[in-house]
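S.K.: Mind looking at a prediction? Sequence and model below.
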Amino acid sequence: MEKSEKLAMIRHSMAHVMAEAVLEIFPDAQIAIGPSIENGFYYDFDLPRTLTEADLLDITERMKAIINSDRKFVRSVVSRDEAKEVFKNQKYKLELIDSIPEGEEVSLYNQGAFTDLCRGPHVESTKDLNADAFKLLSVAGAYWRGDEKRPMLQRIYGTAWENPKELRLYLDHLADIEKRDHRKLGKELDLFSLHEEAGPGLVYWHPRGARIRQVIEDFWRKEHYENGYEMVYTPHVGKSWLWETSGHLGFYKDSMYPPMEMDNMDYYTKPMNCPFHIMIYQNSKKSYRDLPCRWAELGTVYRYEKAGALHGLMRVRGFTQDDAHLFVTPDQMEDEIIEVLRFSLHMLHSFGFNEIHAYISTKPEKSVGDVEKWNAATEALKKAVEKEGLKYDIDEGGGAFYGPKIDLKIKDAIGREWQLSTVQFDFNLPERFGLTFVDKDGVEKQPYMIHRALLGSIERFFGVLLEHYAGAFPPWLAPEQVAIIPVAEVANDYAKEIERKLRKDGIRTVSDLSNERMNAKIRKAQQMKIPYMLILGEKEMGAGTVSVRYRNGKQAFGLSYDAFLAEIKAKIESKEQL
RNA sequence: GCCAAAGUAGCUCAGUGGUAGAGCAGCUCCCUCGUAAUGAGCAGGUCGUGAGUCCGAUUCUCACCUUUGGCUCCA
């Protein structure tokens, strides 16, 4: 048996054991569902009162007792009526029984005092579970069937493994995630802040964070120019006419900031940049000779995200998309898609993301645009992905109503997936705005329009980068690349001299002339995760050299200034991690 | 928006029905030091906001705001 199947069985069985334990404490509890999930399991309950930390300990102890009592998991197949009789006091189970398709058999699993409606499979006996290889993690609210109109249940999350060692590894992994939390690092490294009193979900970039953002944006612009894009700038607000035409006021209004009234007109802050880029397109009549238009903008947009959805930099209300729109002829479409994908991968690789997975989403049932276009676009997406040799999954029918898309997800340093790039066809806006170009044959035709963002949003991308590197940015991104640390006051002038030279040579440098001890300065620089420290004392002054302490603790003594400069420049140039 | 927890000094946190404390950071002084914290002193808080109970509320109650973990949605 595959390990993943075995773990799923263990976790699913754990969920049943947990349900039994909960029922021991709350005999009248209504039980909902309890599946295995990635890394663990959960079970949803409708309970007479809110669970506390103490309850979790109590449940844990009871679970251990159940596991150690060697109860068999016994499967039985019953009729619907029999099942309904068994669960006559369990309204959620009754609903589930009714939702089982006709013809599918209804099975129960029983262990000890607990019987659950369940497809299985399960381990043979509770003794196949390890009482020291699970942990209940948290209680959270969850709607019955994920529907916010239905009752809110209490969900207990747990993690379960084959043995205590695996559990330990997983708990260490959770601790690692916590250590890398971009909100924590953002504070520690003085990169950004959010201010509840000034508006939730709005980001303030501090000098050190802004430095990194600047490096990202400069690189982004340079690459875009090199790859045939032009930059545009567009306004932050637009009259309601624009959003009515685009359809946003019809489909997207709930996610937009409310209107501002001026001169009897409603103005909306933009939740997307597309209508503005379309205005530029429409400013003049386009010939096939003008296409493709590749227009990019670091466009700051505002969206009303539900309060509960806000999360650090990952989910905010104001953010900057690294947006671009491509207006292309049908002939150009395929090559352009291949090119966009190649470009995306190049960008992601540059930032140190090398494990990339593609997800193609195809035509949903309700859609606009004719089938031929959908097919051509979808084929182009597949071709592009295959050409790059990317692993990909297809989400059949998972596209937006207005066009198919590719999403790229990267894996970070600790194996978590993040969606960054997205390439999205749009058959809707060209129609709504009546976009055309004059083809060779003199006939006006509709161009293909492609939205794409490579990094997604700068805020979110920054958050992902921060967690990926755990704050220890590679030299090319580090807000401060060199910290100069004089051993004692006598070396301060020499420190200033070296700082001036480095700054002049384009190296981001700070020097610490405070009257702390050298050790304290090193500690400070180390905590700020500055990649290079130059320790300058009488020896260096005398010889006109520098001594380097690298972020990883290694040291090099007596380097000439030029040798050090060459070394750091090479690192920056290569974008390597130190 | 819903469920739960939380909000005390710039940060991390302790604490109490009789208007608060630590460490770090900050400031001052001392130290001038060779690879992760020299030492001493000072200053810093209307205890998230508003109401209620009470002789008295940071502490108890309620409402609101915000944050966190989830649900939903997504970049």
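M.R.: Perfect, I can see it now.
S.K.: Walk me through the domains of chain A.
M.R.: Residue ranges for the domains of chain A, per automatic domain parsing: A:3-174, A:187-234+A:270-468, A:482-574.
S.K.: With mean pLDDT as added columns, please give these in TSV.
M.R.: Shown next, in TSV, are the domains of chain A (pLDDT from 0 to 100):
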stretch	mean pLDDT
domain A:3-174	89
domain A:187-234+A:270-468	93
domain A:482-574	96
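S.K.: In JSON lines, list the ones you listed along with distance to RNA strand B and mean neighbour count.
M.R.: Quick note: C-beta positions are derived from backbone N, CA and C, even for glycine. Output for these, formatted as JSON lines (distance: least, CB to the nearest atom of the strand, whole Å; neighbours: other CB atoms under 10 Å):
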{"stretch": "domain A:3-174", "distance to RNA strand B": "3", "mean neighbour count": "17"}
{"stretch": "domain A:187-234+A:270-468", "distance to RNA strand B": "2", "mean neighbour count": "18"}
{"stretch": "domain A:482-574", "distance to RNA strand B": "3", "mean neighbour count": "17"}
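S.K.: For the ones you listed, give me TSV that also has distance to residue A:248.
M.R.: What follows is the domains of chain A, written out as TSV (distance: least, CB to CB, whole Å):
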stretch	distance to residue A:248
domain A:3-174	23
domain A:187-234+A:270-468	7
domain A:482-574	41
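S.K.: Minimum distance to residue A:253: which of the ones you listed has it?
M.R.: domain A:187-234+A:270-468 (9.4 Å; CB to CB).
S.K.: That closest one: how far from the chain's middle?
M.R.: 15 Å (CA atoms, centre = their mean, to the nearest Å).
S.K.: From the opening residue of that domain to its closing one, how far?
M.R.: Taking CA to CA, to the nearest Å, the first and last residues of domain A:187-234+A:270-468 lie 16 Å apart.
S.K.: Who are the contact partners of residue A:40?
M.R.: A:11, A:14, A:137, A:157, A:158, A:159, A:160 (CB atoms under 8 Å, 6 or more residues apart in numbering).
S.K.: Mind checking which of those residues are in helices?
M.R.: A:11, A:14 (DSSP state H).
S.K.: For the stretch 201-350 of chain A, which segments count as helices?
M.R.: A:207-226, A:240-246, A:248-251, A:274-282, A:330-350 (DSSP state H, counting those that start in this stretch).
S.K.: Format the ones you listed as JSON lines; extra columns: distance to residue A:436.
M.R.: Shown next, in JSON lines, are those (distance: least, CB to CB, whole Å):
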{"stretch": "helix A:207-226", "distance to residue A:436": "26"}
{"stretch": "helix A:240-246", "distance to residue A:436": "15"}
{"stretch": "helix A:248-251", "distance to residue A:436": "22"}
{"stretch": "helix A:274-282", "distance to residue A:436": "9"}
{"stretch": "helix A:330-350", "distance to residue A:436": "13"}
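S.K.: And the contacts of residue A:40, which is closest to residue A:276?
M.R.: residue A:157 (43.2 Å).
S.K.: For the residue nearest the centre of chain A, list each beta-bridge partner.
M.R.: Centroid-nearest residue in chain A, with CA atoms, centre = their mean: residue A:418, separated by 3.8 Å. Bridge pairing for residue A:418 (DSSP bridges) gives the partners residue A:410.
S.K.: Tell me the spacing between it and residue A:465.
M.R.: 10 Å (CB to CB, to the nearest Å).
S.K.: again with residue A:245
M.R.: In terms of CB to CB, residue A:245 sits 36 Å off from residue A:465.
S.K.: Grab the nearest non-local neighbour of residue A:512.
M.R.: Nearest residue to residue A:512 in three dimensions, chain neighbours excluded: residue A:521, at 4.5 Å (CB to CB, 6 or more residues apart in numbering).
S.K.: measure the one you found to residue A:557 for me?
M.R.: The gap separating residue A:521 from residue A:557 is 18 Å, by CB to CB.
S.K.: swap in residue A:374?
M.R.: 65 Å.
S.K.: Between the two ends of stretch A:498-514, how far is it?
M.R.: 17 Å.
S.K.: for the stretch 101-250 of chain A, what spans make up the strands?
M.R.: A:106-111, A:114-117, A:134-143, A:152-160, A:192-194, A:203-205, A:230-231, A:237-239 (DSSP state E, counting those that start in this stretch).
S.K.: ah, wrong one, I meant the stretch 301-450 of chain A
M.R.: Using DSSP E, counting those that start in this stretch, strands in the stretch 301-450 of chain A cover A:318-328, A:356-361, A:391-395, A:405-411, A:417-426, A:437-438, A:444-445, A:448-457.
S.K.: how many degrees apart are the longest one and strand A:448-457 in direction?
M.R.: What it means is strand A:318-328. 150 degrees (axes from the mean of the first three to the mean of the last three CA atoms, to 10 degrees).
S.K.: so what does strand A:318-328 touch, helix or strand wise?
M.R.: helix A:274-282, strand A:293-302, helix A:330-350, strand A:448-457, helix A:458-468 (3 or more CB pairs under 8 Å, 6 or more residues apart in numbering; DSSP states H and E).
S.K.: That one pairs with which strands?
M.R.: Going by DSSP bridges, the partners of strand A:318-328 are strand A:293-302 (antiparallel), strand A:448-457 (antiparallel).
S.K.: tell me the angle of the last one relative to helix A:458-468?
M.R.: Orientation note: strand A:448-457 sits at an angle of 50 degrees relative to helix A:458-468 (the same axes, to 10 degrees).
S.K.: Quick one: work out the angle between strand A:448-457 and helix A:330-350.
M.R.: 10 degrees.
S.K.: what does strand A:448-457 rub up against?
M.R.: Outside strand A:448-457, the residues touching it (CB under 8 Å, 6+ apart) are A:216, A:220, A:274, A:316, A:319-330, A:332-333, A:336-337, A:340, A:343-344, A:347-348, A:373, A:377, A:419-427, A:429-430, A:435, A:461.
S.K.: what about stretch A:235-249, distance to the chain center?
M.R.: With CA atoms, centre = their mean, you get 28 Å for stretch A:235-249.
S.K.: Give me the buried stretch members for that stretch, please.
M.R.: Neighbour-count burial for stretch A:235-249 flags A:238, A:242, A:243, A:246, A:247, A:248, A:249 (criterion: 16 or more other CB atoms under 10 Å).
S.K.: show me what contacts the first one?
M.R.: So that's residue A:238. A:267, A:268, A:270, A:275, A:276 are the contacts of residue A:238 under CB under 8 Å, 6+ apart.
S.K.: can you put these in TSV and add distance to residue A:29?
M.R.: As requested, those are exported to TSV (distance: CB to CB, whole Å):
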residue	distance to residue A:29
A:267	52
A:268	48
A:270	48
A:275	52
A:276	54
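S.K.: rewinding a little: redo the helices and strands packed on strand A:318-328 as a markdown table? Include distance to residue A:552.
M.R.: Formatted as a markdown table, the helices and strands packed on strand A:318-328 follow (distance: least, CB to CB, whole Å):
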| stretch | distance to residue A:552 |
| --- | --- |
| helix A:274-282 | 45 |
| strand A:293-302 | 33 |
| helix A:330-350 | 22 |
| strand A:448-457 | 28 |
| helix A:458-468 | 17 |
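S.K.: Please identify which of those is closest to residue A:262.
M.R.: strand A:293-302 (17.1 Å).
S.K.: List the contacts of that closest one.
M.R.: Against strand A:293-302 from outside (CB under 8 Å, 6+ apart): A:217, A:220, A:224, A:228-234, A:236, A:256-257, A:269-273, A:276-277, A:280-281, A:286, A:317-328, A:458.
S.K.: Appreciated, that's everything.
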